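Enquirer: I'll drop the sequence and a predicted model, then ask my questions.
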Amino acid sequence: MVGDDGVPELPEVETTRRGVAPHVSGRTITGVTVREHRLRQPIPAELPRILLGQRLLGVRRRAKYLLFDFRTGTLIVHLGMSGSLRIVSTNTPSQLHDHVDLEFDRGQSLRLRDPRRFGLMLWTTEEPAHHPLLANLGPEPWDPAFNSSYLCDLAKPRTGAVKNFLMDSHVVVGVGNIYASESLHRAGIHPSRPARRISSARYGTLIEAVREVLDAAITFGGTTLRDFIHEDGKPGYFRNELRVYDRAGKPCLQCGDTDIRSRVIGQRMSYFCPHCQR
DNA sequence: CAACGGACCTGCCTGC
DNA sequence: TGCAGGCAGGTCCGTT
């Protein structure tokens, strides 16, 4: 089951960015509390010293990374599988798995919660695009460089399933397991089809489908932005808009008379309509 | 180089 | 009821 806790894919990360940025951009850090530093990589011990007194210039996103820009460097945050950011009053008691508070002036804190600790919080003084974690990423889904001839070229040596190809962050960023299934369904492409066996035209359709699904999910998330400043709120995770994901055995919403099937591809559960997707 | 498997971690669900 | 076990997911890393 997904959705109740919601894995942060690109739309969730972008929704988070839009949700928190207005509350913290331009504000000055008055305190940093790290209760648990053991994330995917340890949170740098010197982070509180570095951030204290600095003004947050703005919040950017690259792939699923959130980039908090300061004068002397950038805080790189990844939400992993279970991470979330929320704006809370600075005196709000922390709960289990609330690992970090960035306290800002005006009494508001940015709180990182990450039960599974697959997330990241790192500091870099270089341009974040050059950071090892970001340096080899493919284009954003909306980048004009992400086009059918680009995909076709990259696919030539790829004998594996197109779903794995699409989820490869060196190819394009931000297409996780859920949206890979959704995009391929909308494009009518079978997830197991070898990447090299797909025409340029069909890749064009797939690119449009990827953008469509991600755009819709971001728009959907935007309708619940208010949740970022509430204790118990959850951003909209597009749950009810999903057409195939986690719908095994239920009728395809496209053709109506075939049941959605599920199958493990590349160690990930995948969902598709055997009638609509070839 | 592509492809694959393992590792990381916890909450939730299932089945005994 | 309690507990063990499986599963989910993004990303990196090591091996084939």
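Expert: Yep, it's here. All values reported here derive from a predicted model rather than from experimental measurement. Numbering: from 1, shown residues only, chains lettered A, B, ... in the order given.
Enquirer: Can you tell me the SS state at residue A:142?
Expert: Classification of residue A:142 using DSSP: H, G, I helix; E, B strand; the rest coil returns coil.
Enquirer: Surely it is in contact with residue A:212?
Expert: No. Residue A:142 is beyond contact range of residue A:212, at 11.2 Å (criterion: CB atoms under 8 Å). C-betas here are computed from N, CA, C, even on glycine.
Enquirer: so where's chain A shaky on pLDDT?
Expert: Low-confidence segments of chain A (pLDDT under 70): A:1-6, A:222-237.
Enquirer: Packing partners of the lengthiest helix in it?
Expert: As assigned by DSSP state H, the longest helix anywhere in chain A is helix A:200-222. Counting contacts by 3 or more CB pairs under 8 Å, 6 or more residues apart in numbering; DSSP states H and E, helix A:200-222 is packed against helix A:10-24, helix A:148-155, helix A:162-167, helix A:177-187.
Enquirer: do the longest one and DNA strand C meet at all?
Expert: What it means is helix A:10-24. No. Helix A:10-24 stays out of contact with DNA strand C when judged by CB under 7 Å from any atom of the strand, the minimum separation being 8.3 Å.
Enquirer: Okay, residue A:112 and DNA strand B: tell me how far apart.
Expert: For residue A:112, the distance to DNA strand B equals 14 Å [CB to the nearest atom of the strand, to the nearest Å].
Enquirer: Would you double-check that that residue falls in a helix?
Expert: No. Assigned with three-state DSSP, residue A:112 falls outside any helix and is strand.
Enquirer: Could you give the bridge partners of it?
Expert: With DSSP bridges as the criterion, residue A:112 is bridged to residue A:85, residue A:100.
Enquirer: Enumerate every residue touching it.
Expert: Counting by CB atoms under 8 Å, 6 or more residues apart in numbering, residue A:112 makes contact with A:77, A:83-85, A:98-101, A:119, A:121.
Enquirer: my read: residue A:120 touches residue A:67, true?
Expert: No. Contact between residue A:120 and residue A:67 fails when scored by CB under 8 Å: they sit 11.8 Å apart.
Enquirer: hey, what's in contact with both of the two?
Expert: A:76-77.
Enquirer: Tell me where the stretch 1-150 of chain A has strands.
Expert: A:29-34, A:58-62, A:65-70, A:73-78, A:84-89, A:98-104, A:108-113, A:120-124 (DSSP state E, counting those that start in this stretch).
Enquirer: helices or strands up against the third one?
Expert: So the one you mean is strand A:65-70. Counting by 3+ CB pairs under 8 Å, 6+ apart, strand A:65-70 packs on helix A:10-24, strand A:58-62, strand A:73-78.
Enquirer: Quickly run through the sheet partners of it, with directions.
Expert: For strand A:65-70, pairing defined by DSSP bridges yields strand A:58-62 (antiparallel), strand A:73-78 (antiparallel).
Enquirer: Enumerate the residues of chain A near DNA strand B.
Expert: Going by CB under 7 Å from any atom of the strand, the residues of chain A near DNA strand B are A:1, A:4-5, A:38, A:40, A:81, A:96-97, A:115-118, A:157-161, A:164-165, A:195, A:266-267.
Enquirer: ok, back up a step: deepest-packed of the helices and strands packed on helix A:200-222, please.
Expert: helix A:177-187 (a mean of 25; mean count of other CB atoms under 10 Å).
Enquirer: residues contacting residue A:255?
Expert: A:273, A:275-276.
Enquirer: Columns secondary structure and neighbour count on top of those, output as a markdown table?
Expert: Output for these, formatted as a markdown table (DSSP: H, G, I helix; E, B strand; the rest coil; neighbours: other CB atoms under 10 Å):
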| residue | secondary structure | neighbour count |
| --- | --- | --- |
| A:273 | coil | 22 |
| A:275 | coil | 15 |
| A:276 | coil | 20 |
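Enquirer: Quick check: the residue of the stretch 1-150 of chain A nearest DNA strand C.
Expert: residue A:64 (3.5 Å; CB to the nearest atom of the strand).
Enquirer: what's the neighbour count on residue A:252?
Expert: Residues lying near residue A:252 (other CB atoms under 10 Å) number 21.
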